[in-house]
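**Student:** Everything below, folded, please.
(2 chains)
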Amino acid sequence: MFKKEARFPLNIQPIDLVAGSLMIGIGLFVLAESITYRIGTARSMGPGYFPLLLGGLLTAFGLGILFLSKKDGKSKIDFIGLRGPIAVLGSIAAFAALVESVGLIGAIAAAVLISSFADPRLGWTRVAMLAVVLCILAPLLFIGVLGIRMELFRW
Amino acid sequence: MVETFTGLALGFQVATTTSALFYCAMGVTIGTMVGVLPGLGGMATIAMLMPISYHLEPMSAIIMLAGIYYGAAYGGSTSSILLNLPGTASAAVTCLDGYPMSQQGRGGVALVMTAVASFIGAMLGLVVLIVFGPQLAFLAFRFGSAEYFSLMTLGLVAAALLTTGAPFRGLSMVVLGLIFGLVGTDVATGAQRFTFGSIRLSDGLNLVALAMGLFGVPEIVRNASKSRAAIVEASEISWRSMVPSSEDLRRSTLPILRGGGIGGFLGALPGTGGLLASFMSYAAEKRIHKRPEEFGKGAIEGVAGPEAANNAAIQTAFIPTLTLGIPGDAVMAFMLAVFIMHGIVPGPSLVSQQPELFWGICVSFFIGNLFLLILNIPLVRIWILLVSVPYSILFPVVIILMCIGVYSINNSIYDIYWLMIFGGIGCVLYMFKFEAAPLILGFILGPMMEEHFRRAMLLARGDPTIFLSRPISAVFLLTTVTIISWIIGKYILRKMISGKKVLDH
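**Tutor:** All right, here's what the predicted structure looks like:
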């Protein structure tokens, strides 16, 4: 009776639960979507054939993650916090939003500013200096040396 | 043999032009710097510089990017040894014995030995590339779609299982990458797949945005919140402590040769690369050594062998890429993309149709490695200073570089938004302990795999046993199955044993 309990895969670690479910979810989604494309035969494959196989595989592997989950020291989710990702992704979004509307200089300045929120120990003077330096060097490198076409200022 | 000599002569001509030398020097220098800095990997840098290389001539672009690639392999061990932080993933093994050496005051010796080991390893790999490269091209003509498909399967499975710890996570990433690769228009049928009506997606997902988002963003986020390690004093590394003793040299000789062999072999297989090679070399050296308990406490064999393996693998990774058009690992896949961007299609015909390109690259590798050896040893002191650059200054620079780089490919701000999306995905993957590298490999191989699968089945009239009836293909598939059963079997066994341990409590 004990043997069965030790092997029964219900001691799934939370990290594996989410990871496996994520893969299963995506796999099922791919399966569902592939069916709407023409499958064809093995001899003459439609667009849905390969994705169908892949969706099935992904679902199976997701199940594998769940099944092989075990309790060990490495099961903690390394939560990187919200500050970092928001700052970094936000700065990228800001760059995208501004580079064609306000120009490269504005985009660089905004991106540097917003990304600085990722590290709360950064002082404002440092950030400002960094922004200025980058506003000079980046255009020099990309537009001057490499000839990429971007507008510096646009208003 | 004569062909090899004429080829090399041709290569020398091409590789010693001012522009070739310049880009080679620039590439290896950037590569070393990038390798030294923890947080920026060779792959992330190549992904960043790929859009720039678009504006250069193909030869210069390849030489520079390749220089970054193998240059990073030299530099990566520096911060591994001094700070216990791998500069590049493949230098992770060097932390194990390199850092203890540093703590014993022998950091300089470790640094010098890794440079020497890297050089010799690279030379061994280069010899394999030069001697076997063209022959492999001949062999490649006999590769049909079935062989290609099986080879790619082997590569993906190897990448999924031999490089990451959790087998099903690795396999999931590979398959997910394949799926991402299928987004867009199906070339064979013209059907739109996974585009959900969006016209912009019909060209597929943007590789550079994907790579930078999956690798660069999580790295930045992860490191931005961590505090930097203490600065290492440059004055602690004196000239005298940098010179290895004769015993060090004696002990390192065989590990270097063995490592070079392991790396040279593994690098040529698609899906395996420097990281795997260095791990295998470490394991091999540990098993062969008379006193294996010394490993982990500063055994120089544990530093020299893996470094040689790493660099050998990096050179031979170019073999399948150049001669077969199949990337050896994810970084090679980028190189492949660079080739294709410039309208060059690597494959069996590359050596015969564009010999100056192939041999020029080979000779340039030789020059580059030589340059790296001369560069790395005296400049150890400067590299140490570089390691102390606060990440707080570094990461905004990286962000800007990524954004501009992605934008410059299509002058499209939507690519930058994709960078953001993939960045988010990358952070999620990192949190749940998924590795991004197999995904990238899957992404790049996806469309190719499907094409070969289709064609093989078409020619076989729907008979799936074709993959086993053709001998070369069968060999690949059998190897794949062996790896799968070995790894998963080991994993399940371990879990059952640990389950028993829990039971015993």
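
**Student:** can we go C-alpha only for contacts and neighbour counts from here?
**Tutor:** Noted.

**Student:** Find the closest residue to chain B in chain A.
**Tutor:** Nearest to chain B in chain A, going by C-alpha to the nearest C-alpha, is A:Arg43, at a distance of 3.8 Å.

**Student:** Packing partners of the longest helix along chain A?
**Tutor:** Longest helix in chain A, counting residues (DSSP state H): helix A:14-35. If you count contacts as 3 or more C-alpha pairs under 8 Å, 6 or more residues apart in numbering or on different chains; DSSP states H and E, helix A:14-35 packs onto helix A:49-67.

**Student:** helices or strands up against the helix it packs on?
**Tutor:** Using 3+ C-alpha pairs under 8 Å, 6+ apart, helix A:49-67 is in contact with helix A:14-35, helix B:167-182.

**Student:** Could you provide those helices in a markdown table, with additional columns for distance to B:Leu129 and mean neighbour count?
**Tutor:** As requested, the helices and strands packed on helix A:49-67 are exported to a markdown table (distance: least, C-alpha to C-alpha, whole Å; neighbours: other C-alpha atoms under 10 Å in any protein chain shown):
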| stretch | distance to B:Leu129 | mean neighbour count |
| --- | --- | --- |
| helix A:14-35 | 39 | 20 |
| helix B:167-182 | 28 | 26 |
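
**Student:** Please enumerate the helices of chain A.
**Tutor:** With DSSP H as the criterion, chain A has helices spanning A:2-7, A:14-35, A:49-67, A:83-99, A:104-115, A:124-139.

**Student:** between those, which gets nearest to B:Phe339?
**Tutor:** helix A:124-139 (26.2 Å; C-alpha to C-alpha).

**Student:** so how far is that closest one off the chain centroid?
**Tutor:** 27 Å (C-alpha atoms, centre = their mean, to the nearest Å).

**Student:** before we move on, the earlier item: may I have the longest helix of chain A exported as CSV, CA atoms only?
**Tutor:** Written as CSV, here are the backbone C-alpha positions of helix A:14-35 (Å, rounded to 0.1, in the frame of the first residue of the first chain):
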residue,chain,number,x,y,z
PRO,A,14,3.1,23.9,-7.9
ILE,A,15,5.8,25.0,-10.3
ASP,A,16,5.4,21.8,-12.4
LEU,A,17,1.6,22.1,-12.1
VAL,A,18,1.6,25.4,-13.8
ALA,A,19,4.4,24.5,-16.2
GLY,A,20,2.7,21.3,-17.3
SER,A,21,-0.7,22.8,-17.5
LEU,A,22,0.6,25.6,-19.6
MET,A,23,2.1,23.2,-22.1
ILE,A,24,-1.0,21.0,-22.1
GLY,A,25,-3.2,24.1,-22.6
ILE,A,26,-1.1,25.3,-25.6
GLY,A,27,-1.0,21.8,-27.0
LEU,A,28,-4.7,21.4,-26.9
PHE,A,29,-5.1,24.9,-28.4
VAL,A,30,-2.8,23.9,-31.3
LEU,A,31,-4.7,20.7,-31.8
ALA,A,32,-8.0,22.5,-31.9
GLU,A,33,-6.7,25.0,-34.4
SER,A,34,-5.0,22.4,-36.6
ILE,A,35,-8.2,20.6,-37.1
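
**Student:** Let me know the average pLDDT across that helix.
**Tutor:** Helix A:14-35 carries an average pLDDT of 89.
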